[in-house]
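J.: Sequence first, predicted model second:
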Amino acid sequence: MGFLYRSTRDHNETATASQAILKGLASNGGLFVPDEIPSLDVSFEELSKMDYREVAYQVMKLMLTDFTEEELRYCINNAYDSKFDSDPIAPLKYHHDAYFLELFHGKTIAFKDMALSILPYLLTTAAKKNNIENDIVILTATSGDTGKAALAGFADVPGTKIAVFYPKNGVSPVQEKQMVTERGKNTFVAGITGNFDDAQTGVKKMFADNCLNDYLNSKGYQFSSANSINIGRLVPQMVYYVFAYTSLIAEGKIKAGDKINVVVPTGNFGNILASYYASLMGMPVNKFICASNDNKVLYDFFTTGTYDRNREFILTTSPSMDILISSNLERLIYHIAGDSSEKNAELMKELSTEGKYTITDEMKEKLDRFYGNFSTTEDVASEIKTIYDEDGYIIDTHTAVAANVYDKYKKETGDTTPTVIASTASPYKFARSVMTAIDPAYDAKSDFELIDELEKLSKVKVPQAIEDIRSAEVLHKTVCEKEEMEKVVKSFLNI
């Protein structure tokens, strides 16, 4: 049967992998974490000869232990198919002294596709395994990319419905258009008059409301999550780091056993946590470089040991990282506290009541492989222009946060370890910020004129995801206050 997953806030609450995927969030607001991280049982030399699907199976079979081989291969083969426009689906491109891991070749041109393409298959398989008769209601808060990727993944999947909340004025025009034009009959999208943290808090509140959950159950529904709080999101994200490492071996850039650095632009901490979990499986990592934007709550945490969300919320050109409550950091806190749900629960209560907490010196010592820094909006624009001027390679604003922080890390340390930068979105998703960074004169053009200009500059064809929204009809027009989120979910479900 394999190991169990436990709540970060109650050691006694356990779940199998499939149950954890179905629940999304533990009953007391905690996150599910694995009892152990098994070591890879195939050598890196062998893995380097495998395609993405096979690497995915070798990683995921160890983490999702109550799925059969047949079930897991079904999920993997249906997820990682022709919906990705690149072979391999996560290519490495060498620029600016680093390997950019392009994670945006899926249907919605953001890294969320890598996990959200498989989550619907994992979830519906898990429902069958656990004899669930209710319809699953995916409840998701998004800072821009998760929303569309989840909508695309779950659109018209039998036995599911999906409701997505996003900050009305806190995403890019392309991100918003992608969401509000979603045609799936089982989908619902609402903007809230607040920021991402408000949306995320509202979603967590509904998950934790026992009365609401009982009421839903009586109507034939139950909640699950497509956010990275769901281990069904986190485990597939581990795969692309292992794949990147084995790709470097296959290309002769490193030898098996050599260490790499991993740079991740992060707000909610899920993507970089996946690389940390991959290292616990055996992937050799020297440093995890955590790149923040102007909302530098994670940089301050790694620098001081104090996590403090009591600060101004800043809207930046990297909106998917405009976050002050990094949900997945809780998993790391649990681990560095010696897998203590008591200590973690105490710190999370402080965060809830006081808006901050401070870890012990002993816990801080366990963060020695993490490095944090941040990039200002000005840094981001400069980085995009610098890398374009160097060799014509164009990156999005979130990837530029990571590249700029890596520049700062190298300057500070002189470290020349081969480095993988998680390139999390296509520049087409943030065309205005990207193009005006290259030349401010582009700001006079309309959004779709900029997209056509970006195609000329980048010599990369406009992705289908962008073509699809040029003239798409807006179907989702709901805007609500953050206090009204439960009410609009009930309205969507007609209950």
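T.: In hand now; what should we look at? Residues are numbered from 1 along each chain as shown.
J.: Only the buried residues of stretch 452-470, if you could.
T.: The neighbour-count criterion (16 or more other C-beta atoms under 10 Å) identifies Glu453, Leu454, Glu455, Leu457, Ser458, Val462, Pro463, Ala465, Ile466, Ile469 as the buried residues of stretch 452-470. C-beta coordinates here come from the backbone N, C-alpha and C atoms, glycine included.
J.: just stretch 438-445 next, same as before
T.: Under the neighbour-count criterion of 16+ other C-beta under 10 Å, stretch 438-445 has Ile438, Tyr442, Lys445 buried.
J.: roughly how far is that stretch from the heart of the chain?
T.: In terms of C-alpha atoms, centre = their mean, to the nearest Å, the gap separating the centre of stretch 438-445 from the centre of its chain is 30 Å.
J.: Check what contacts that stretch and list those residues.
T.: Under the contact criterion C-beta atoms under 8 Å, 6 or more residues apart in numbering, stretch 438-445 has outside partners Ile384, Lys385, Tyr388, Ile394, Arg432, Met435, Thr436, Leu450, Glu453, Leu457.
J.: Give the helix, strand or coil label for Ile394.
T.: Counting by DSSP: H, G, I helix; E, B strand; the rest coil, the backbone at Ile394 sits in coil.
J.: and Leu199, backbone torsions?
T.: For residue 199 the amino acid is Ala, not Leu. Dihedral angles of Ala199 (phi, psi; degrees, to the nearest 10) stand at phi -60, psi -50.
J.: about what we covered before: now render the buried residues of stretch 452-470 as TSV, adding distance to Val33.
T.: As requested, these are exported to TSV (distance: C-beta to C-beta, whole Å):
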residue	distance to Val33
Glu453	46
Leu454	41
Glu455	43
Leu457	44
Ser458	40
Val462	41
Pro463	35
Ala465	33
Ile466	37
Ile469	37
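J.: Point out the ones among those that are inside helices.
T.: Members of the buried residues of stretch 452-470 lying in helices (criterion: DSSP state H): Glu453, Leu454, Glu455, Leu457, Ser458, Ala465, Ile466.
J.: And the longest helix along the chain, how far out from the chain middle?
T.: When every helix of the chain is counted residue by residue (DSSP H), the longest turns out to be helix 231-250. Using C-alpha atoms, centre = their mean, the distance from the centre of helix 231-250 to the centre of the chain it belongs to is 13 Å.
J.: wait, doesn't Leu22 sit right on Ser224?
T.: Yes. The pair Leu22 and Ser224 qualifies as a contact (C-beta atoms under 8 Å) at a distance of 5.8 Å.
J.: what is in contact with those two at once?
T.: Counting by C-beta under 8 Å, 6+ apart, the contacts common to Leu22 and Ser224 are Leu123, Ile136.
J.: same for the helix or strand hosting Ile162, what does it pack against?
T.: Secondary-structure element containing Ile162, defined by DSSP states H and E: strand 160-167. Based on contacts counted as 3 or more C-beta pairs under 8 Å, 6 or more residues apart in numbering; DSSP states H and E, the elements that strand 160-167 packs against are helix 119-129, strand 135-141, helix 145-154, helix 173-180, strand 187-192, helix 196-208, helix 485-493.
J.: Buried ones in the fourth one, by neighbour count?
T.: In terms of neighbour count (16+ other C-beta under 10 Å), helix 173-180 has its buried residues at Val174, Gln175, Glu176, Lys177, Gln178, Met179, Val180.
J.: mean confidence score for that helix?
T.: Here helix 173-180 scores 94 as its mean pLDDT.
J.: For it, name the packing helices and strands.
T.: Under the contact rule (3+ C-beta pairs under 8 Å, 6+ apart), helix 173-180 is packed against helix 145-154, strand 160-167, strand 187-192.
J.: Can you list the neighbours in contact with that helix?
T.: By C-beta under 8 Å, 6+ apart, the surrounding residues in contact with helix 173-180 are 108, 142, 144-145, 147-148, 151, 164, 166, 171, 189, 191, 319-320, 428-432, 447, 465-466, 469, 472, 474-477.
J.: Off-centre distance for that helix?
T.: Chain-centre distance of helix 173-180: 18 Å, with C-alpha atoms, centre = their mean.
J.: and it with strand 187-192, angle?
T.: Angle between the axes of helix 173-180 and strand 187-192 is 130 degrees (criterion: axes from the mean of the first three to the mean of the last three C-alpha atoms, to 10 degrees).
J.: Please report phi then psi for Glu45.
T.: In terms of degrees, to the nearest 10, the main-chain angles of Glu45 are phi -60, psi -40.
J.: ok, so what distance separates it from Tyr245?
T.: With distances defined as C-beta to C-beta, to the nearest Å, the gap from Glu45 to Tyr245 amounts to 12 Å.
J.: of these two, who's got more company?
T.: The residue with more neighbours, out of Glu45 and Tyr245 and counting by other C-beta atoms under 10 Å, is Tyr245; that gives 29 against 13.
J.: List the buried residues of stretch 476-494.
T.: Burial within stretch 476-494, assessed by neighbour count using 16+ other C-beta under 10 Å, is assigned to His476, Thr478, Cys480, Lys482, Glu484, Met485, Val488, Val489, Phe492, Leu493.
J.: Please disregard the earlier target; I meant stretch 305-315.
T.: Of the residues in stretch 305-315, Gly305, Tyr307, Asp308, Arg309, Phe313 count as buried by neighbour count, 16+ other C-beta under 10 Å.
J.: ok, now stretch 358-365?
T.: Quick answer for stretch 358-365 (16+ other C-beta under 10 Å): Ile359, Met363, Lys364.
J.: looking at the helices and strands packed on helix 173-180, which is closest to Ile37?
T.: Across those, Ile37 has its closest neighbour in helix 145-154 (24.0 Å, C-beta to C-beta).
J.: For the stretch 251-400 of the chain, which segments count as helices?
T.: Taking DSSP state H, counting those that start in this stretch as the criterion, the stretch 251-400 of the chain contains helices spanning 270-280, 297-304, 329-336, 341-354, 361-365, 377-391, 397-413.
J.: And the ones you listed: which comes nearest Leu122?
T.: helix 270-280 (15.1 Å).
J.: neighbouring contacts of the closest one?
T.: Taking C-beta under 8 Å, 6+ apart as the criterion, the residues outside helix 270-280 that touch it are 37, 59, 111, 227-229, 233-235, 237-238, 241-242, 245, 262, 264-266, 283, 285, 288, 290, 327-329, 331-332, 369, 422, 424.
J.: Stretch 65-72 now?
T.: Defining contact as C-beta under 8 Å, 6+ apart, one finds that stretch 65-72 is touched by 1-3, 16-18, 57, 60-61, 64, 75, 122, 125, 129.
J.: before we move on, what about stretch 90-100?
T.: Counting contacts by C-beta under 8 Å, 6+ apart, the residues outside stretch 90-100 that touch it are 52, 101-103, 105, 114, 240, 243-244, 247-248, 251, 253, 263, 386-387, 390-391, 393, 395, 399, 403, 406, 410, 418-421, 423.
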